Every structure is written in C-alpha cells, then in structure tokens.
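# Show me the folded form of this:
(chains A and B)
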Amino acid sequence: MKQKLLIFFLLGLFALNNAFAQNRKITGVVTGADDGQPLPGVSVMVQGTKVGTLTDGDGKFTLNVPTNSGTLVFTFIGYATQNLTITGSNTYNVKLATSTRQLSEVVVQDSYGTQSKKSYTGSAETVSGARNENKPFSTFQQALQGEVAGVAVTSSSGQPGANNQVRIRGLGSITNQAAAQPLYVIDGMIVNAGDLSQRTNGANSSSGSSNALAGINENDIETITVLKDASATAIYGSRGSNGVIVITTKRGRNGKTQIRFDAELGKSNNVPLPVAGKLLTPDQFKTFFDEGFRNYYSSQINPATKVVYTPAEITANIASLDNTYALTGPGNDWVKLVTKNGSQQQYNVSLNGGDEKTKIFSSVGYFKQDATIIKSYLERVTGLINLDHTISKSFSITTGINASNVLQNTPLQGSAYYSSPWASAYFLRPFQMAYNPDGTINSSVTGNANFPTSGNSNPLYIAAHDSRSLYQTRILGNQTIRWNIVDQLKYTGYASADYQNLEETTFLNPIMGDARSLNGSGTSAYSRYFNWLIRNQLDYRYDIPGIENFFIDATVGYEAQRSAGYLNQAYATGYPATQPTLTAVGVASTPATAYQATSNYTFDAVYSRVGINFKNRYSLSASLRNDGSSRFGTAKQFGTFYSIGGAWNIDQETFFGTQKVFTTAKIRSSYGTTGNANSLTNYQWRPTAGYTTSTGATVAYNSSSGQAYNTIGNVNLTWESQKKFDLGTDFGFFNDRLTFSVDYYKNLISGLISNAAVAWELGFTQQAQNIGAMRNQGVEFAVKGIPVKTRDFTWNVNFNLAHNANTMTMLANLDAANPLQTSLWLARGYDYYTWYSRQYAGVNPSNGNALWYTDGTKTATTTNYSAAQRVPMGQADPKIISGFNNSFTFKGITLSVDFYGSFGNRISDSWSYYLNDGTYLTGSNKYVYTFNNRWTTPGQITDVPKDVYAGGSSSSSSSFSSRFLYYGDFIRLKNASLGYDFKNISYLNKIGISRLYLYGRATNLYTKTYDKRLPFDPEVPVNGFSTLDLPQVRTFTIGLNVGL
Amino acid sequence: MRGFKKMKLDKIIYTLLACAVTATSCKKSFLDEQPSTAVTVTQSIQTPNDLADAVNGMYNTMKNTMLFGRDIPVLGDLLADNTYVNQSNSGRYLNDNNYTYAASTSAEASDIFSQGYYSILQANRVIYEGRKLGTSPDVSQLVGEAYAARALIYLELVNWFGTPYTVNPSAPGVPLVTVPSYVTGFSAKPTRATVSAVYTKIISDLDSAYALMPTGSTPLHAINSDYIAKYAAKAIEARAYLYEGDYANARDAALLVVQNGSYSLATTQSAFTGFWTSPTATTTKLEKIFELNQNASNNLGNTGLDAIFSQAGYGDIQATTDLYNAYTTTDFRRTLIIDGKRAGAQAYIINKFPNYSNTDKDETPVIRYAEVILTLAESYARLGDEANAKIYLNQLAKLRDPSFAGYTSTGDQLKTDILNERRKELAFEGLRFFDFTRLNLPIVRPAQTQGYASYPLVPITDYRRILPIPQSERDANPNVTQNPGY
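I've put the predicted structure just below:
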C-alpha cells in the first residue's frame, strides 16, 4: 500500500514536471577547477532556451531538458563560462575555471549553510585566507585589520597574542570591551573568544592580555567571512548583534596530493616613537630638573631667612638636589635598556589531497614571536586535520580537528604597575642606574640614585626574576553528517566540541617591584572551558513547478550549546628571598587565595531560513530564530529574532544588455532584529546568596562557612537588542574585473545593559538593567578587483573606507560624566566616546603660566585650572577607518603594500600629567616636546608653560585638558612584501618541486601622523586612551613557500 | 527501493519530531545553570544550618572596613577629641579630621550608609527566612542575633545620620526597612522615619532578640564574644536607652547584664594586658561582650582598624596629647598608648589593637562590659542615685588604676567624672563622639603639633555633627531628605 502510494506520488510529481514537453532528466555536480569545491548558485541553462536552473549548496543540479537540446551553458560570476554538448549521458560533472575574481567572493558561508553571493540579500564580505598566510601576526584579527569595510581592529599592545578589539559597524555595547566584540564561528562552531585569562578577569587580576583565538594559524584559514547586517546575522539570534566573523579552515581537494612547506624568519624592533614622544637624555633631564628647581626656589621664602631665596642659596639647593638624585653621576637610556631586538619565525607544513570519495587536509605549524620588550614572547604550535568522506550517494561526513598550544609570557603593562618594564622606561629618571659599577643588575632600594621601595623598580631585575606565563591549549573538533534523504531534502547533523584550557603562572619577586611589600607573590591559575554544540538541520529546495529557475530554499533546525568553564586559582605571598628559582605557589609562606568556581552558559534555539530565488534576478530571504539562554533572566528567557531581505540583480534584466558601462549591478536591502548576549555575565541575572563575594573572597565568619545575599540579580535582565537596516549596492565593471560596493546602514540599539541606581536602603546601590539606547549609522565603500591586467603585469587592489557615527540616545545617567572614564562625556546626542575636558588656551607669553578658557565661548582665560569649565571636545573613536591593499605582479615578481588608516578622532594618554612640565619633576622622565618648547623668556610664544617644580603658579598645567588631546589620524603601511615566484624552472621540477616562492616582508614600516605634538603611537584602544602598553613592533622577515 | 527510502524518511521525521519534543521539554532545565559559589537567594535558607551560614554572612558584612571594621570606630573618636590624623598620612580620613565632608564627597558617610543597609539586608533575610524554620533553640538564637544586629546597625545609622534623640526625637531619622528586598522588589523608595520611630524599632528588635534567645544550657554562640549573646542584646539595649536619654530603662537594662550576664572585668594588670593583646574572642566572658572576628584566614589586612593605628600599617591616626594626659601614670589603660614617633616626630601611638603584624589580627570591638558598667553608673547619676553611681564607677576605675582611691564627687562633677572615665575606658572604640552629641555638648578638639590646625571647636549648632546623607543615595532615592546645612 505504502509503495503504491509512493509510486502514485512520484508519478504525480513526474507528470507535473513533464506538463509541457517530452523531457529527459539530467543531473550533475559543478565544482571549482582550482580546488574541487562544489559551487552553489551556478546558472545551468540550455543554450537558446529559457530552460535552466541553479546549482544547490552542494553544487548539484537537476534539470529537465527537452530531448532535442544541444548545449548546456554554465555561467557563474567570477568563473569562465563553460559550454557542454548534451550527449546520451544523463550526468554532467563540470569543473569551472576561475576568471578574474576570487572564489571566496562567490559564496557566503555561515554555520547554517552556504549561499550564493549572487542572490544573497545580506551584507557580508569574505577575505581569502591566502591573503594573510605567513604574515608575522600572532593573531588572525591583526591580519584582518583594513581588509573589510566597517571592521575596525585595534591592536594597541605589542604583546604577541594580546587581545584585539574588533568592532563591526561601530560600538555595539557599552557594558565592557568584551561585550562589544563580534561573535566568532570556526567551521560552524560558535566559540568562546576574547580574553579568557584569569590574569585579566579573575581574582587577584593585574594586567596582561591574552586572546582565546591566538591558537589559530593563519595558514590554516581558507576564508574569513564577516557578516554585518540583519539578513546575514539574524540567524545567530541573540548573539548576532555585533556582527559575526566566520572562519572556515582549509579542506582537502580532489586531485594530485600537494605538499606545501612555508618558512619565514626575521627580526623585529619597536615602531619608532613619534619625535615629540622621545624621552630626555641624561643631559637634557639634568637641565630640565635644575631649571625647574631654580624657577621654584626663586619665588619661595626661605624658612631660615624668612626672605626669598637668594641666587646663591638656590644654586646651593640645586647642587644638593643634584647630588641627592645622583644627577652628577652617569646616566642611562631606559628605553634602550628595556627594549631588545625581537625575532620572528614560523614554519608550516601542509598536505592536501584526495579523490572523489575522500579528501584530506592536514597541517602542522610552528610560530614564534619574541617581542621587542624584555620578557615578552609567544610560541605557538598548531595542527589541523580536516577530512571529507562520501559514504554513498546519500551520505557523506566531514570531520575536523584543530589543535593548538600557545605559550605566552606577558610582562606587566600599563602605568599602574611598578614592575611594568615599558612604563618604567618613562617613569625612571635617566640617573637611576640599571647596572652596578661592577656590571651586575642594580637591585638596591635605598637612596635616590637607586630604586624606590614603592615606585618603579629596575625592569632588568624584574625581567630576570619575574615571570607571567600562559599556556593556552585548544582542541576544536567537529563532525558533520549529511544525508540526502530524497532529492531536494537534506538532513545535516553537526556536532562540535571546543576544549580549551589556560594555565597561568605568575611570580613576582620579593626584592623589587609590585610584590616587594608582600615578600613576593605567586599565582597559579587553571581555567578549562569545554564548549559543545549540536545542530540538527533539514534543508529543502522546492522548485516552483512550471517556471524554470524559480525555487524556494527552506531550512529548519535546532541547536543546543553549552559551555562549561572550570576555574581554579591559588595565590600566595611570602617567597624565600634566597631561592629566586623557587617560584611555585607551594613555596610561599602565606597562602592567600584558594579560588574555585564554574562559569557555565547554555543556549538553545530553533531556527529557520527561507530564500526565494527567481531566475537569480529577484531574491527574497527571511530568517527566524528563537533563542533561549541560561544568561537571560527567567522573566525574559526566550527571544525571537527575525530578518527579511531582498536583492535585485539588475544585470539579469533584459534591458541591462542595452548598456555597456556595467557588467553587473545589484541592489539589496535588509531589515531585522538581533541580540547581544555578550553583555551578560553567566549568572548575573540570578539573585543569589554567595558563599564568596564577586571577587572570590570568602563570606565565612570565624572560620565557619557563611553566605550573604550579595548578587542583587534581576530576573528581567536579558539580551541587548538591535534593529538593523541595510541598503547596499554592488556594481561590476570591465567584465567584473573591478567591483564597487556601497552600503548604508542604520542600527538602533536598545536595552543596553547599564547599572541603574536603586535606593540604598534596599541593601544594594545599583542593579543592572536593560535601559540604554544608542544608534550607529554609517556608510561603507569598497572597491576590489584588478584595475590593470596585461600579459605580464597585474595590479590587484582592495580599497575600503567606512564611516560610522555613534549617538547615545538614552542611558540611566545621561548628561553626566561618563561613568567609565571621567575625561569622557556621556550625553544624549553625543558619541559614546566623547572627550570632556577643559580647553587649554596656551601660555601667557609674559610669565609662562598656563591658561585655560573659562568656558565654551573661549572669550576669557584663567590661570585657575579648576575655574575653567569642561566642554565636549570631539570623539575618541575614529570617524573613518580605511584599508588600501595592493598587490602588483610583474612576471614572477609580486609586490604587496597594505595600508591602514584611521581618521577623525582625538586621542590622549593617561600619564601626560607626569611626563610634561615640571609638576612632577623627581619621579619621571619627560617628553622631549615639553623640553624643547618650554617657556623660558618673556615674550616667547609657545604652548608649553614654564618649567617649575611642583608647577608653581600653574600647578595644574599638566592636568588633563585639551592640551593633551591629540589628533589621532594616521595612515600606516601595515605590510609590505616583495617576492619572486620561480615558475617553470625545469631544474626545480626535476627535483620534484612544483612551486617555489621567495619573499621579503616588512610590517608597520611607516606611519604617517598628523599632529606634531603627538608623543605616542596613534594606534590606541577604542576608548582613545593610550596606556603604557607594550609598543607596537616592526618586523622584517624573509620567507619561502615550497610546493611539492 | 523507493519504498525503503520513504520508510526511512518517516523514521527520520518521527525521530526529529521526538527530538524536538524532548528538546523542548528539557529546555527549562537545560537553561538552568546554577553558579558554583552561590545559591538562588529564595532557596538559600532551608535548614537551621543554612540559617547559621546566613548569620555568619551577616557578621562578615558587618565586619567590613566600611562599617564596624574601621570607619565607625575611627570616626567616633576622630570627630571628637581622642584622635587626629598625623600630617604624615596615607590620605585617609582627612575630610573627617578637618570637618570638610560634604554630601557628595564624604566617602565615610557613603560607606556607613550603604554598608549599614547592606548588613541590615542580611539581618532582614535571617529574620524573614528564620521565622519559617520553627522555634528550636538554635533557630531562635540565630534569629535573635539577627534582631540584635539589625538594632545595633540602626542605632549607628540613626546616630550618624539623624539628630540626637535627646535634641529632637521627631527629627528625621533614617528609613526603616525590615523586609529583605528580594521579597519587596527594588522599586521602593523609602522615606526617613522619625528618630523616635527608629528608636522604637531598635528597642522592639532588641526586646525580640532578648526574648528569643534561649537561656538553657550554653546555647549556640552564647559564650563566644564573636557572636551576639542574649545579654549582649541587653547590653546594646542599655546603650540605646542611654543615647535616648531614657536613663531608667538604661539602668534596668544595664543592671540585668550586670546581674545575670556573668561578665567580669580584668582584676590584674596581666589579665588586663592579656585580653587586649589576645587576637581571639573570649569564651570566658571576660571584659568583651561582642566583637567582630578577624582571624588569620579572614581579616581586613591593611584596611583593618589595627592597621590605621599600627606603625607597621598605615599608622595615620594617633591619640591626642590631651587624651594621653588624661590617664594617670599608674592607669593600666595608659599602657595601650605608646609614647613613640611617627615620621621622626613624637606621637602617641595607639596600641590597643597590637596584632596588625601578626597573621591573626585583632578582633574589632563593638561592645564591652566596661561600657555597660559606665552606662549603669551614668544612669544612676542622672537619675539622682549618686551612691549607686559611684559604686559602679569606682568598681571599674579602681580596677583600671590600682593606685586610685575612687571618685567622691557629686552633682555635675560626678557626671563629668563618669564621662571622663568613659573617654579613658572606651577610647578608640568609636563611642566618644556620641557622648558629645547625645548630651548636646560642644566638642573641643585639641591642637596637635603633628596634626592639621583645623576645626578646633564644634559648637552645638554645627551642622556637621550629623553626617550628610550621601548624594548618590539621594539621587537614587529622592524621597530621602538631606540633613540641614548640606
């Protein structure tokens, strides 16, 4: 009975399809000639007819052709059109060769499938992994900088393996930096990203930066796709708001087995400090020091004589001070002492091969970056195996294992730490001597010629004795089973497990530095994250009967994910001063912290996506996802997110052929909702009575366990939401050798999590609530392609430019100083990062005193810093970011130059108070700009006040004002490389080498800034504040790629 | 073949449906991730053991630096005439030392207010949940401790932020919150109850505590000074009545402690020195009635009360010369002050809490037996029973100074003698300031060579005799009025 019914059903379908003509059915698979990957969305037409179809996600097509048909025409953007005569066979497998555009741009791949770029309604961009292979960047995010319009990547620390701040289309959340990062997906898996170290986030945290994705080898990446608008991201539901970065690793290809070997070696040094930010030489320092004290004493009453100091007394005092601070002795150059020549090396071996049934890609990689600041390095070992196997016509599996280990040592960073080597270079006087006369490292903490007990210590001693290491191990595995249940109906089962552990050990010595008062301190932290995800998905394609090339793609699925964090920490103080090599926590005499906690979250979702494609001319798409998460309060635990989008490929219209300007043209638009669950910490909504405080301190009393209601919670707390609108257009010229894309977007963000005040009588002072709102809107512009191509010469270009405007529209404490930073202003109608400062009015030429404008009208000045009003002074985050990447190939020679630019912001540093003027004369070195431009003689026009110890009458001259807001615009030559491809050298072929490419490369070779007063590197964190993080590095490498 | 496929299709559809159904049904529990170091507050107290943990948590919050751990005892002397901040300092308590605090700048006012109510929340929770756990002796003891703790904190709050009862009982006191906020929600904006209403609640809580705490054979916590015992509640009540100016009730409460509390005073120099140098609680009811535990594994480190006095810690605060000179040379209590140096200059270093450099730090005192005896003496004196007043006053004074013959004064002089004895006995325990405020006396703050020459006199009209309501709290709760002058 069942069989009969089925036959009847099939006959019915057959009859429907055969309503018009006597047809035959042919099938086939379209793959790329270069890599054997299936190509979805390829147009398959019968020449001279309107009969045709598009290939599905696996490159497969089924077509009913009239019996008298002659030729099949395969066309696909970026590929050479191919014609195939229809013979007696019913199967036609085709390999298309690329024309001019890169393969990566023809499909958009996310966790839920592969879509043809032609009919894609969203805004997404794909970067080929090949672009960034072998680059000497410790994280792939660094390499992503400047590659995609609207993606801002900040790498403000020169520490290898540091976390990068990535912002897609502006700031998405105000909770913290981690809450604004995009979602990262690796081979379908939603991974934990950001800085997971306890050193940054846990109890006893200090400074340092790690990157959970530092274990990714750029050479293993096939493509990186950035999903930007609602159409592209809403399928990720409550985690799509900040955009999604989808990494797809390399997979095996059909054909000859290829072995590839890459090696790169090199040296690095610091990106040079801007001229204004050089520090004083010992001689300059002494001059500045003496002058500051001379100016100081000349207006002071001598308590002994009750009259102003006489010149003779002043000279005597200065001589005595010079003696005290050892300014008469030898000096040294601290910047030079704390920096070293860095080194860079990486080696990668990969294997790529397979046949029709089984394909494999495997690789191993080694990467080592020894940075330019003492005791800062990263070492990485990676391995990847990706396997694809077709079991039968119906079943195929793919599997992958990606393993990595990162060893990173990070010195203390920033000005808050006495042991921070780079900060010490600024805060130590040139006359504090690194070495004793006998050549040993100076560890004395007595006397002003040496190092203070609480103050910056000798960084050389710190480097020799302290360690702050991190072992980060990751194993990411995934498995997919695909089952073609019947024609057009497919099941995909996906499971992935991401295991990551971080072992951190910190030892600060008992002799000098931050742990001196504790007699040394040690921390041992262990963090383990086990993150799994499963997905069950059905895909169905329905061809509208009667109309060729008109079909609906529908996807439904269920996804569950759980990430379990297990965190341990032991912290102890009191180390034996006589055993500097014994640094284990157990050695310490005083156990201080024993911390253990879990940090888990779950997500669970049903999702669906529907696309309608009419002859590749019109396409509509919609997605719907319902997300639940353990991070959301019980009152709002489930959220629904949707998107709708449409695209019109004008080039598919018949009238398009009447013009010759464009070869392709497309208009697309989308609208939808997404959420951001990153702003929520794992148990934040839950009102709890803790046995520890939020910082891990016990609530015990008298050595008996105790609990206190210490997490206020909020059962209404939930995701932040975003309404995204995007309108974009893509144009192709010269047979699509050059494409232009322009996008306008407007994202309305609401439900921003912010702390609202609660009446203190209730026991707490604030509660996190979904109360804020802001807006990001902007335009993106991108040009890609090959403007020039002759037989021998090719110019490949990728230029992009993006403008984003952020505006706060609602917040708990609007129109008040930014709660995060007092020098930033938070007000309705202003950018989130708006400077709020007193306006510097320069120096009074007659006496050298600093002046400030009393208010925004700039009509009156005052010498009283406190009397000057603060006004909004421009934004700290750039208005425009841009990338300009070029590669020129002449015969076998390739020259690549990649620029990155950032414009329209003002930046500051958090230590200008110490490094300018005479205010703080004995405890730090000074910027040479302040030395060279200081007021010395009446009538002198300058912007640096008189050098007076303790500041004299302008004691606040170096306090924060617009004087220390610098123009942050810069253009940086991020990467330049020159290589030669030894093509067709028969000798090489004879010894089995099919490819040999040799090159030299330099990174951060040149930086153009636009403010001559700027004393520090312009690439600062997104809040516009430079801290004394490790300086950026400049790398010079040579490398070779060998193919067998 | 086709049929086989179809059957398989059915199967997979059924399987998927089943999966979806199961997934949906287990969704709730799958999304229920529990933290590993905390319990959902509504489920956190289910047994008497949980209740005991919550009481420990309550004490843990009370011993905080920002409450009884340092701010309260420091301010109580610093704002009066017992201590001063040395010019060589770490920047702490300067606003208080110089009487320059304002609504938006006083960190201490902010700390005492916020941490006071935070601790009250913990006490409210114990009372609210404890009431559901029956009336076993242990539960009654624990709930009683919470009642007493709540009263103690309200007594501090109403005296720091409200006009003294003796000056104007109908002036605004502090808001009264007696139900935990996870029950009431967080949208409430309570208003200030009158000072007398707050006192009524304090007395009622202390009566509840006293009535609840069992008497039988050594109930839980009863003989350990780290916990509030039955007669500790009575001792706190004696203080409350004294501050209220209700001397008859103060006398009765104090007398009950003296007669039934089994507390004793140190009778020898070594016993006296011994209890002050001991970093641990007493289990013999010697001298100490209630103090907050600071042991080796859980203490305030360099933010403790001992650290602000100890020269091994911040050591910012010293005893005034005036106070030092108030002691006779034979007074045991003078040994608690060292005639030493700070930053090279002479200074009277407070050594009442000498264990800062040890791993087990000093407990923070809250109420001692000597205070109860002095309260009794003062109550008698103010009620006109000078004979009894002198019995108790001399009982203490002669034990502290064996060479002292005893007070024989009468009338106002006797009252002054009692106050001076209180000053000498309770110095550095944060009570001196309230002796001035409750009796509405001007504060004469002696000049110190190493101190700051500011604010020598605090007349009774000075608005700073009451701390400001923190500005941030008033922003959060506009229903709370500011104290006059701020």
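
# Compute the number of surrounding residues for whichever residue of the stretch 301-450 of chain B sits closest to chain A.
Distance from chain A to each residue of the stretch 301-450 of chain B (CB to the nearest CB) is smallest for B:T359, at 7.4 Å. (Glycine included, C-beta is placed from N, CA and C.) For B:T359, the count of nearby residues is 12 (other CB atoms under 10 Å in any protein chain shown).

# Give the closest residue to it in space, chain neighbours not counted.
Nearest residue to B:T359 in three dimensions, chain neighbours excluded: B:A296, at 4.3 Å (CB to CB, 6 or more residues apart in numbering or on different chains).

# Just grab the bridge partners of A:Y566 for me.
For A:Y566, the beta-bridge partners are A:R528, A:T598 (DSSP bridges).

# before we move on, the earlier item: ok, the residue of the stretch 301-450 of chain B closest to chain A touching B:G301?
No - using CB atoms under 8 Å, B:T359 is not in contact with B:G301; the gap is 10.4 Å.

# Helix or strand: which one has the residue nearest to B:T359?
Per DSSP states H and E: B:A296 is located in neither a helix nor a strand.

# which residues sit in contact with it?
By CB atoms under 8 Å, 6 or more residues apart in numbering or on different chains, B:A296 lies in contact with B:359-361.

# Kindly recompute the last result at 10 Å.
Residues near B:A296 by CB atoms under 10 Å, 6 or more residues apart in numbering or on different chains: A:590, A:703, B:279-280, B:358-361.

# returning to that earlier point: show me the contacts for the residue of the stretch 301-450 of chain B closest to chain A.
Residues near B:T359 by CB under 10 Å, 6+ apart: A:589-590, B:279, B:295-297, B:299.

# try B:A193
Going by CB under 10 Å, 6+ apart, B:A193 touches B:154, B:158, B:162, B:172-177, B:199-201.

# again, only using 6 Å
Counting by CB atoms under 6 Å, 6 or more residues apart in numbering or on different chains, B:A193 makes contact with B:173, B:176.

# any idea how far B:T481 is from it?
For B:A193, the distance to B:T481 equals 12 Å [CB to CB, to the nearest Å].

# Surely A:L476 is within a helix?
No - the assignment for A:L476 by DSSP: H, G, I helix; E, B strand; the rest coil gives strand, which leaves it out of any helix.

# State whether it and A:Y499 are indeed in contact, as I suppose.
No - the pair A:L476 / A:Y499 is not scored as a contact, 7.5 Å apart, by CB atoms under 6 Å.

# higher neighbour count, those two?
A:L476 (23 against 15).

# Relative to B:H221, how far out is that one?
A:L476 sits 53 Å away from B:H221, going by CB to CB.

# shaky segments in the stretch 1-150 of chain B?
Along the stretch 1-150 of chain B, the parts satisfying pLDDT under 70 run over B:1-27.

# Residue numbers of it in contact with chain A?
Residues of the stretch 1-150 of chain B found near chain A (CB under 6 Å from any CB of the partner chain) are B:2-3, B:6, B:9, B:23, B:27, B:30-31, B:33, B:35-41, B:44, B:53-54, B:56-57, B:59-61, B:113-114, B:117-118, B:121-122, B:125.

# Which PyMOL command selects the buried ones in these?
Only the buried entries of those go into this PyMOL selection, using 16 or more other CB atoms under 10 Å in any protein chain shown:
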select buried, chain B and resi 6+23+27+30+31+33+35+36+37+38+39+40+41+44+53+54+56+57+59+60+61+113+114+117+118+121+122+125
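
# Out of the residues of the stretch 1-150 of chain B next to chain A, name the ones that lie in strands.
Counting by DSSP state E, the residues of the stretch 1-150 of chain B next to chain A place B:38-40 in strands.

# Lowest average confidence across helices and strands of chain A, where is it?
Using mean pLDDT, DSSP states H and E, helix A:2-17 stands out as the lowest-scoring helix or strand of chain A, at a mean of 42.

# Which strand residues bridge B:V444?
Beta-bridge partners for B:V444, by DSSP bridges, are B:L457.

# ok so, going back, ranking the contacts of B:T359 by neighbours, who comes first?
Using other CB under 10 Å as the neighbour test, the contacts of B:T359 are led by B:N299, with 25 neighbours.

# Now it: which helix or strand?
Secondary structure from DSSP H and E places B:N299 outside every helix and strand.

# how about the closest residue to A:T281 other than its chain neighbours, what does it touch?
Of all residues not flanking A:T281 in the chain, A:P430 sits nearest, at 6.9 Å (CB to CB, 6+ apart). A:P430 makes contact with A:282, A:285, A:331, according to CB under 6 Å, 6+ apart.

# Kindly recompute the last result at 7 Å.
Each residue near A:P430 by CB atoms under 7 Å, 6 or more residues apart in numbering or on different chains is listed here: A:280-282, A:285, A:331-334, A:925.

# Shouldn't it be within a strand?
No - A:P430: not assigned to a strand; according to three-state DSSP it is coil.

# Distance check, it against A:T287.
Taking CB to CB, one finds A:P430 at 12 Å from A:T287.

# Please apply the same query to A:T81.
A:T81 sits 75 Å away from A:T287, going by CB to CB.

# Show me which of these two is the more surrounded one.
Shown here are A:T81 and A:T287; by other CB under 10 Å, A:T287 has more neighbours (15 against 12).

# Using the three-state scheme, assign A:M433.
For A:M433, the assignment made with three-state DSSP gives coil.

# Pull the number of nearby residues for it.
Close neighbours of A:M433, defined as other CB under 10 Å, add up to 20.

# so what's the closest residue to it other than its chain neighbours up against?
Nearest residue to A:M433, sequence neighbours excluded (CB to CB, 6+ apart): A:N442, at 5.5 Å. Contacts for A:N442 (CB under 7 Å, 6+ apart) come out as A:433-436, A:450, A:458.

# circling back to that earlier point, nearest to A:D651, of the contacts of B:A296?
Of all the contacts of B:A296, the one with the least separation from A:D651 (CB to CB) is A:T590, at 73.9 Å.

# which residue sits closest to A:L1014 in space, ignoring its chain neighbours?
Excluding the flanking residues, the one nearest A:L1014 by CB to CB, 6+ apart is A:Y966, at 4.3 Å.

# ok, now how distant is that neighbour from A:T410?
For A:Y966, the distance to A:T410 - CB to CB - is 27 Å.

# Out of the two, name the residue with the larger neighbour count.
Legend: neighbour count by other CB under 10 Å for A:Y966 and A:T410, higher for A:T410 (31 against 27).

# wouldn't that one be in contact with A:I374 here?
No - counting by CB atoms under 7 Å, A:T410 stays clear of A:I374, with 11.8 Å between them.

# so where's chain A uncertain?
In chain A, residues with pLDDT under 70: A:1-22, A:34-35, A:69, A:77-78, A:98-105, A:202-208, A:415, A:812-822, A:952-955.

# Outline the domain layout of it.
A:14-99, A:681-716 (automatic domain parsing).

# Near chain B, which residues of the stretch 351-500 of chain A are found?
Proximity of the stretch 351-500 of chain A to chain B, by CB under 7 Å from any CB of the partner chain, involves residues A:485-486, A:491.
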